[in-house]
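A.B. asks: Need the 3D shape of this:
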Amino acid sequence: MTDTETATDDHAHANQPPRLTRLTFHGPLSETRATALVQRLTRTNPTTVLDIGCGWAELMLRILTAAPKATGIGIDLNADDLTRARRNAADRGLQERAEFIEESATRTSRGPADLVLCVGASQALATPSTPDHTAEALSELRRLVTDNGRVLLGEGFWQRPPTPTELSGMWPQAAATDHHDLATLLDLAVAAGFRPEWTETATLEEWEEFESAYQADVEVWLARNPAHPLAAETRERLDRHRAQWMSYRGVLGLAYLTLVPAL
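C.D. replies: Here you go, the predicted model:
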């Protein structure tokens, strides 16, 4: 390959739609809430951290920074996110204390850990055919945490029952049974062997910041590159996701539950 061809390929790659560059966390989580979570989750001085569906593991890296004796393992299936996690760990001098593994979390043998994070990833712990993925995930989380540890579960819940029209505009095959209400979610946590130390839910402002940032860099790219070969499929994806968000906005909530194993 000639230098000219290499330069052309590099330019074409550089002009691809960007991916999630505006997001600090892969979920509706503000800096204020993240700071409070890190303080609460490190009060017990954890030495081992397990992050299920870690993505680029921003919260885990902040916890490792606040708990200098801790080591962490992040599990995810997205290689790009794991690359970003390793780069961020190296930038913060945490590469010797943070390991990132591309593998499924179903029936994982990575635990037990003093602190288990599972934020927006409970489906990764459940078998595909399970009738209630949340209950199965909570049972798995109890297995993965030490008796004196903590679990942070970030789990979706219905703020009110969705209407058939709203469900039809959400993710494919969305059903009212996909989530519970908050009270039922807490009952399931207790039934799985936990006591809820802290219960909090994402605000509308956090949701709007997340959903806007989720698409912002690609929206700007599309506005500047309307004739790009990838423009049509990118436009369709952006419009579809925005329509889905408008269907679950104010209906789907996210609870952050700090859970204590019951002995």
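A.B. asks: Which of the three states applies to the residue lying closest to Leu204 once chain neighbours are set aside?
C.D. replies: The spatially closest residue to Leu204, leaving aside those adjacent along the chain, is Gly250, at 6.8 Å (Cβ to Cβ, 6 or more residues apart in numbering). From N, CA and C alone the C-beta is placed, and that goes for glycine too. Recorded secondary structure, Gly250: coil (DSSP: H, G, I helix; E, B strand; the rest coil).
A.B. asks: What's the local residue count around Gly250?
C.D. replies: Using other Cβ atoms under 10 Å, Gly250 has 12 neighbouring residues.
A.B. asks: Please tell me the pLDDT value assigned to it.
C.D. replies: Gly250 carries a pLDDT value of 97.
A.B. asks: Run a quick check on it versus Thr163, I expect a contact.
C.D. replies: No - counting by Cβ atoms under 8 Å, Thr163 is not a contact partner of Gly250; they are 11.9 Å apart.
A.B. asks: and the longest helix belonging to the chain, what does it pack onto?
C.D. replies: Longest helix in the chain by number of residues (criterion: DSSP state H): helix 204-224. When contacts are defined as 3 or more Cβ pairs under 8 Å, 6 or more residues apart in numbering; DSSP states H and E, helix 204-224 sits against helix 231-248.
A.B. asks: Can you show me the CA trace of the next helix or strand after the helix it packs on as CSV?
C.D. replies: Helices and strands here follow DSSP states H and E; after helix 231-248, the next one along the chain is strand 252-261. C-alpha atoms of strand 252-261 as CSV (Å, rounded to 0.1, in the frame of the first residue of the first chain):
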residue,chain,number,x,y,z
LEU,A,252,-39.1,4.5,32.2
GLY,A,253,-37.1,5.3,35.3
LEU,A,254,-33.7,4.1,36.5
ALA,A,255,-33.2,3.2,40.1
TYR,A,256,-29.8,3.2,41.8
LEU,A,257,-30.0,0.7,44.6
THR,A,258,-27.2,0.3,47.1
LEU,A,259,-27.8,-3.2,48.5
VAL,A,260,-26.4,-4.9,51.6
PRO,A,261,-26.2,-8.7,51.7
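A.B. asks: so where do the helices sit in the stretch 1-150 of the chain?
C.D. replies: For the stretch 1-150 of the chain, the helices defined by DSSP state H, counting those that start in this stretch cover 3-14, 31-41, 58-66, 79-91, 133-144.
A.B. asks: residues in contact with the closest residue in space to Glu136 that isn't next to it in sequence?
C.D. replies: Nearest non-adjacent residue to Glu136, counting by Cβ to Cβ, 6+ apart: Ala126, 4.3 Å away. By Cβ atoms under 8 Å, 6 or more residues apart in numbering, the contact set of Ala126 is Thr106, His133, Thr134, Glu136, Ala137, Glu140.
A.B. asks: could you dump those to CSV with distance to Leu257 and neighbour count?
C.D. replies: As requested, the contacts of Ala126 are exported to CSV (distance: Cβ to Cβ, whole Å; neighbours: other Cβ atoms under 10 Å):
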residue, distance to Leu257, neighbour count
Thr106, 21, 13
His133, 16, 19
Thr134, 11, 24
Glu136, 16, 18
Ala137, 12, 24
Glu140, 15, 23
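A.B. asks: follow-up on the earlier one: can you give me the buried ones in the longest helix of the chain?
C.D. replies: Using 16 or more other Cβ atoms under 10 Å as the burial criterion, the residues of helix 204-224 that qualify are 206-207, 209-211, 213-215, 217-219, 221-222.
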